[in-house]
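Visitor: generate a structure from the sequence data that follows.
(chains A, B, C and D)
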There are 2 protein chains.
Amino acid sequence: MQSKPTTIKEIARILNISPSSVSRGLHDHPSIGAVTREKIKQLAKSLNYEPNNAAILFQKGKTYTIGVILPELSEHFFSIAISAIEDEAIKKNYTVIFAQSHDNYEQEVKLVEKMKNQRVDGLLVSISKDTSKFDHFEKLNSFNIPVVFFDRIPPFKNVHYVACSLESATIKAVNYLLKKGHRSIGMINGPNTLYASEERKDGYMQAITFNRLKFDPSLVVNCDLTEQGTIEAANQFLNHKRKPTAIVAFNDYVALFLIKYFKKLNVINDFDVVSYANLPIISYLDNSPVASVEQYPYLQGQKAANILLDLIHSPNSENQAYYNTIVESDLIVNEVKE
Amino acid sequence: MQSKPTTIKEIARILNISPSSVSRGLHDHPSIGAVTREKIKQLAKSLNYEPNNAAILFQKGKTYTIGVILPELSEHFFSIAISAIEDEAIKKNYTVIFAQSHDNYEQEVKLVEKMKNQRVDGLLVSISKDTSKFDHFEKLNSFNIPVVFFDRIPPFKNVHYVACSLESATIKAVNYLLKKGHRSIGMINGPNTLYASEERKDGYMQAITFNRLKFDPSLVVNCDLTEQGTIEAANQFLNHKRKPTAIVAFNDYVALFLIKYFKKLNVINDFDVVSYANLPIISYLDNSPVASVEQYPYLQGQKAANILLDLIHSPNSENQAYYNTIVESDLIVNEVKE
DNA sequence: CAAAATTAATCAAACGTTTGCGTTATTTTT
DNA sequence: AAAAATAACGCAAACGTTTGATTAATTTTG
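Guide: The predicted structure is shown next:
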């Protein structure tokens, strides 16, 4: 029952011409006469000819495929980002294959290897949390596979990347709180190993010092981003000699934990919480953060994809300029609570 | 700089043996002696040999790739499901390529075509909302590409599918509300064109009649699932002669709209809302639904992927048995609100 | 010790498509 | 009318790997 797919050879045999002519005819090559061309196309259509992609890819050494490696697809941020990537890719007739590192370095290394074996034309990567070495990406260089990092990027500039400036976002957030009158602002930061933590802290410090306040390091506490860790961080604030009246949470999950805990202690009204918007329906909460940093995952994905496609099509691999694209993040102020 | 990747041929040339021996050596074929085998493997390693996947795929006519077509990757449900699919696929050394139909029939048709051209070994599909014809999938049959539908499945049995029984889930939900003492229960259903709407309604009716109550059709209202539509539906309930005391919402978005509206009217405490759990943090809401139907997207994705891989590996294509797998959904009762 | 069996490796074809280079005819230019 | 250009197509190699059929060398067997 499973009729073998029609091939160019078969069309050639039936029409009594050579396979090369068929190929050229199908591609409107000028050296094929109009009549033959039409005959070829007609027969191809009536035989339901479909080019064998595998053969073409093999022949051309291109796969028209871009790989995406990211930590967790089920995280809202990434699902939006990859959705954008796919939308862009399909416009240019590229296919997307993806894989999750599950925030595991070894897995990430393996996946890079696999993508390379799959001979993807380019790679989009958001690095895992426990990645601190980056040699696995350098191997791609020698295979001429361009890489664009997005959102979770390595801490150096000589790569292509698209990311949000969490620093400026944090400045905006802290400024907003200062303008609201807060004078003691706590920050629940992530582990120090994360570049994103560094950015947040830098932004915080800049905003504080720019406003001629003195920076109190004990108001920035590190946290493993779990619920338990959040509670411990919260306790530090509650017992602080200059108890903060506002808190910048590392992300929405932390904000949720925090709000839950504060509500339990019935101190929720003593705090304004600002967070980073990874989650969609956070605004439906009764005691939602007063503001959120929007990181525009769709835009980031879109830009990253387009840069990658650019790189793939740029003929000279020795183009030494690196795309370092910063997507400005905005502070979204939630409607005033009545 | 971009050194051409090492090939089997090159290894063969250096070792002065034939390419076929190299291939066999690398695959531990018995007809290659131990010493030669080791020499081959060593040289391969030292030359960083990587099999050219494109060539292998072409040669074998298999791609070790499964395609996934779904409506919207950014929907939480699907992002979880595809996350599971990828996890399963990678275990069996398969790669996942995916594309979004954006709930558009024409796009879906195109994507199926594209997947076929990519010669995926199998296809996983969650159909788009406005798909009512299914010929585009039948073409895959003749190419011997198995298809497994999941969650959003066609309304007939002679295909492979994995889905949740929304009917039994709805029965559970309604029963729960009845047990809580509610005697007038409203349902905000989706458009009648959706199979999922039918299932919900059937479940509702069964639960009602099984409990010897009389079914009031005016308590089941259709809704376009927008916020405006939800409000209109809510108004119908508020003006109903037997005003319901509990409402089954079509999904969490509808539930959110509903709760928001009820809160605005300050009637939120007059209702118990039950919903279907597409969203993660719904439980953080102050006035969250009292219970949610968990549809186990990860499990669905997992099962669908495994079934597909089974089908791919089953030698006889004439295996006429269809996998019709139902994932039992559970009613998750949220913690009692203090 | 000849015949059979085993071991170790080679040959060559095949997968489907593309493409540089030839080879004819036919037409155009001098 | 000869030379040059063009049009229309065929030839064959190439991409890298796998695999059935063979061969050659060695060992086992009766």
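Visitor: quick one: contacts for the residue in the stretch 151-300 of chain A that chain B sits nearest to?
Guide: With CB to the nearest CB as the measure, A:Asp286 is the residue of the stretch 151-300 of chain A nearest to chain B, at 4.2 Å. For glycine as for every other residue, the C-beta is placed from the backbone atoms N, C-alpha and C. With contact taken as CB atoms under 8 Å, 6 or more residues apart in numbering or on different chains, A:Asp286 is in contact with B:285-287.
Visitor: tabulate those residues (TSV), appending secondary structure, distance to B:Phe149 and pLDDT.
Guide: Conversion of these to TSV gives the following (DSSP: H, G, I helix; E, B strand; the rest coil; distance: CB to CB, whole Å; pLDDT from 0 to 100):
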residue	secondary structure	distance to B:Phe149	pLDDT
B:Leu285	coil	32	77
B:Asp286	coil	38	75
B:Asn287	coil	36	77
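Visitor: I'd say A:His112 and A:Phe137 touch.
Guide: Small correction: residue A:112 is Val, not His. Yes: applying CB atoms under 8 Å as the test, A:Val112 and A:Phe137 come out as touching, 6.5 Å apart.
Visitor: outline the domain layout of chain A.
Guide: According to the domain assignment given by automatic domain parsing, chain A is divided into the following structural domains: A:8-51, A:62-164+A:297-328, A:166-296.
Visitor: distance of the closest residue to A:Gln107 other than its chain neighbours relative to DNA strand D?
Guide: In space, and not counting its chain neighbours, A:Gln107 is closest to A:Ser101: 4.9 Å by CB to CB, 6 or more residues apart in numbering or on different chains. In this structure, A:Ser101 lies at 26 Å from DNA strand D, with CB to the nearest atom of the strand, to the nearest Å as the measure.
Visitor: could you do A:Ala196 as well?
Guide: 40 Å.
Visitor: cool, and A:Ile268?
Guide: For A:Ile268, the distance to DNA strand D (CB to the nearest atom of the strand) stands at 62 Å.
Visitor: before we move on, what about A:Ala55?
Guide: Taking CB to the nearest atom of the strand as the criterion, A:Ala55 is separated from DNA strand D by 7 Å.
Visitor: A strand includes A:Pro191, no?
Guide: No: when DSSP: H, G, I helix; E, B strand; the rest coil is applied, A:Pro191 is found to be coil, with no strand at that position.
Visitor: just for chain A, where's the confidence low?
Guide: A:1-3, A:283, A:315-320, A:335-338 (pLDDT under 70).
Visitor: and it, which residues reach DNA strand D?
Guide: Within chain A, the positions adjacent to DNA strand D are A:16-21, A:30-37, A:58-59, A:61 by CB under 7 Å from any atom of the strand.
Visitor: now the one residue in chain A that gets nearest to chain B: which helix or strand?
Guide: Proximity to chain B, evaluated over chain A using CB to the nearest CB, is greatest for A:Ser79 at 3.7 Å. For A:Ser79, the host element (DSSP states H and E) is helix A:76-91.
Visitor: after that helix, next one along is what?
Guide: Helix A:76-91 is succeeded, C-terminally, by strand A:95-100 (DSSP H and E).
Visitor: thinking again about what came up before, ok, and which of the residues of chain A next to DNA strand D reach DNA strand C?
Guide: Residues of those in contact with DNA strand C (CB under 7 Å from any atom of the strand): A:19-20, A:31, A:58-59.
Visitor: ok, and the most crowded of these?
Guide: Counting neighbours by other CB atoms under 10 Å in any protein chain shown, the top entry in these is A:Phe58, with 20 neighbours.
Visitor: contacts only, for that residue.
Guide: Contact analysis of A:Phe58 by CB under 8 Å, 6+ apart lists B:52, B:54-55, B:57-58.
Visitor: mind listing which of the residues you listed are in helices?
Guide: Helix and strand membership here follows DSSP state H; of the contacts of A:Phe58, those in helices are B:54-55, B:57-58.
Visitor: adding distance to B:Tyr176, write those residues out as a markdown table.
Guide: Rendered in a markdown table, the data for the ones in helices among the contacts of A:Phe58 read as follows (distance: CB to CB, whole Å):
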| residue | distance to B:Tyr176 |
| --- | --- |
| B:Ala54 | 54 |
| B:Ala55 | 58 |
| B:Leu57 | 51 |
| B:Phe58 | 56 |
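Visitor: correct me, but A:Gly203 touches A:Ile185?
Guide: No: counting by CB under 8 Å, no contact exists between A:Gly203 and A:Ile185, whose distance comes to 11.8 Å.
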